[in-house]
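1. Whatever this is, show me its structure:
(2 chains)
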Amino acid sequence: MMNRTVRVASPLRSYTGGAATVDAAGTTVSELLADLERRFPGMRFRMIDEQDRIRPHIRLYAGTREIHAITEAMENEPVLHLICALSGG
Amino acid sequence: MSLSASELDRYSRHLSLAEIGRAGQERLRAARVLVVGAGGLGSPAALYLAAAGVGVLGIVDGDRVERSNLQRQVLFGESDIGQPKAVVASGRLHALNREISVVAHAHELSPDNARSLIGSYDIVIDGTDRTAARYLINDACVILGKPLVSAAIHRFEGHAITYLPGRGPCYRCLFPDATAASAASCAEAGVLGVLPGVLGTIQATEAIKVVLGVGEPLLGRLLTYDALEMCFREFPVSRRPDCAVCGSAPRIVSLEDQSERGAAVRRIAPGELEQLIRAADRGGGAIRLIDVREPAEFAAGHLPNAESIPLDVLDRDPRPLLGPGLTVFICRSGTRSLRACEIAVRRGLLEPAHLEGGLSAWAAIVDPTLRVA
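-> Numbering: from 1, shown residues only, chains lettered A, B, ... in the order given. As a prediction, this is how the structure comes out:
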């Protein structure tokens, strides 16, 4: 499976030991998230609910293409962006 | 009315720009911009809007200046500690530019006052630090048709986006429900002091562009900024047909409708809490005090009988909340305790309460011997 770069939103970096980017393997978003979950337990559940829907405070982008369902393929895009709502002012 | 000699001098660098000129400067003078939250974002945004000559600036903030604000909230100085932010900000902005009007609204934006407050201005800058307030501002701007320039920050990361009702997505299209997002505020997550300076000046830039009708606003484009990487990125955002407030069949049509924003949170003043605690001691109704500060803050000083459940712990596992009686969340200044209320409402605890002004207010009003870390 192809290795991709995952850019991690600031509020989610507590799962990645503070890392802003991590590598993950997969051809679909779902596979990438599964790989992340194996290495960073709990991270997927923070973003994806029990029905495999993207939680409403999270947005996922393959490059600049918004991901609406985690079954979507990454295609040739090498970067998955995890964006989380921020509330600080 | 044409620009005075003083204004021609003050704004000469604007007048040299073909995109602004005299007509644009007059538009700025005629503009009314409301800055909600005089914090890290609101400070630079308001300073630049005042300097740019926005005719009427409204500043909404119910908090008082704390020493820990001074690391990033550049409207304030040492001598302002303890003073109402909106009032201090008004004086500071007026000192910067006496040719504009600055209106201090020294209270929180609420469902009761949002319509009249936001309705009195042309554009709104969202610099708040509470999720519920962000939705209230968004809903008010959609319902009243007001442009909204929004930004948010966390540690070294920031977001900015401009919403123009009827012309693009709104905050609920971007994040339909952000109450489950990290509950960490600047207080416990930390924030690079200069970060809101970058985002706040972007907000001022966007507001000025909207007033002037020049350039391309951040419409349907989420701008993200990573200060460590020194990198800006942009992501497209579309309107959601099922958006609760700007969709084809909106469920939110009035600002008083709290169903999408959670039940009302009871705000308890220090004196009232003291009475409630005394009444409970006499058997007059159970009360549970939950201190949501970090353990080190709790260890330095806390209310008798208060339980320590830090906010991030509460966010991960709210089960300890379930129980009889009145639950009152407590923190240092009242911000984290409000967030705890939001979590509690979301998890089914009806009518949670919080200590308004936090332990800082308690120490000032009820017990000056309490050490507040």
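2. Please work out how many residues are found near the residue lying closest to B:Leu8 once chain neighbours are set aside.
-> Distance criterion C-beta to C-beta, 6 or more residues apart in numbering or on different chains; nearest residue to B:Leu8, sequence neighbours excluded, is B:Leu15 at 6.8 Å. From N, CA and C alone the C-beta is placed, and that goes for glycine too. Counted with other C-beta atoms under 10 Å in any protein chain shown, residues neighbouring B:Leu15 total 18.
3. give me every residue that touches B:Gln71.
-> Residues near B:Gln71 by C-beta atoms under 8 Å, 6 or more residues apart in numbering or on different chains: B:Gly193.
4. quick check, it in a strand?
-> No: read with DSSP: H, G, I helix; E, B strand; the rest coil, B:Gln71 is coil and lies in no strand.
5. Kindly provide the distance from it to chain A.
-> 13 Å (C-beta to the nearest C-beta, to the nearest Å).
6. quick one: that residue and B:Gly193, what's the gap?
-> Separation of B:Gln71 from B:Gly193 (C-beta to C-beta, to the nearest Å) stands at 4 Å.
7. surely the residue nearest to B:Leu8 meets B:Leu28?
-> No: with contacts counted by C-beta atoms under 8 Å, B:Leu15 stays clear of B:Leu28, the gap being 11.2 Å.
8. for A:Ile67, which residues make a bridge with it?
-> Beta-bridge pairing for A:Ile67 (DSSP bridges): A:Leu60.
9. Now that it has come up, it's in contact with A:Val29, right?
-> Yes: with contacts counted by C-beta under 8 Å, A:Ile67 reaches A:Val29, the gap being 5.3 Å.
10. Show me the common contact partners of the two, please.
-> Contacts common to A:Ile67 and A:Val29, judged by C-beta under 8 Å, 6+ apart, are A:Leu60, A:Leu80.
11. what about those two, which has more around it?
-> The neighbour comparison of A:Ile67 against A:Val29 (other C-beta under 10 Å) goes to A:Val29, with 23 against 20.
12. Distance of that one relative to chain B?
-> From A:Val29 to chain B the distance is 15 Å (C-beta to the nearest C-beta).
13. which residue packs closest to that residue, ignoring adjacent ones?
-> Closest to A:Val29 by C-beta to C-beta, 6+ apart is A:Ile70, at 4.5 Å.
14. same deal with B:Ser101?
-> B:Val56 (4.8 Å).
15. picking up where we left off before, hey, what's in contact with both of B:Gln71 and B:Gly193?
-> Counting by C-beta under 8 Å, 6+ apart, B:Gln71 and B:Gly193 have no contacts in common.
16. what does the longest helix seen in chain A rub up against?
-> Ordering each helix of chain A by length in residues (DSSP state H) puts helix A:29-39 first. Residues from elsewhere that reach helix A:29-39, judged by C-beta under 8 Å, 6+ apart: A:1, A:4, A:6, A:22, A:24-26, A:43-45, A:47-48, A:52, A:60, A:62, A:67, A:69-74, A:80.
17. Count the neighbours of the spatially closest residue to B:Arg371 that is not a sequence neighbour for me.
-> Distances taken as C-beta to C-beta, 6+ apart place B:Gly301 nearest to B:Arg371, at 3.5 Å, with adjacent residues excluded. A count of neighbours around B:Gly301, defined by other C-beta under 10 Å, yields 14.
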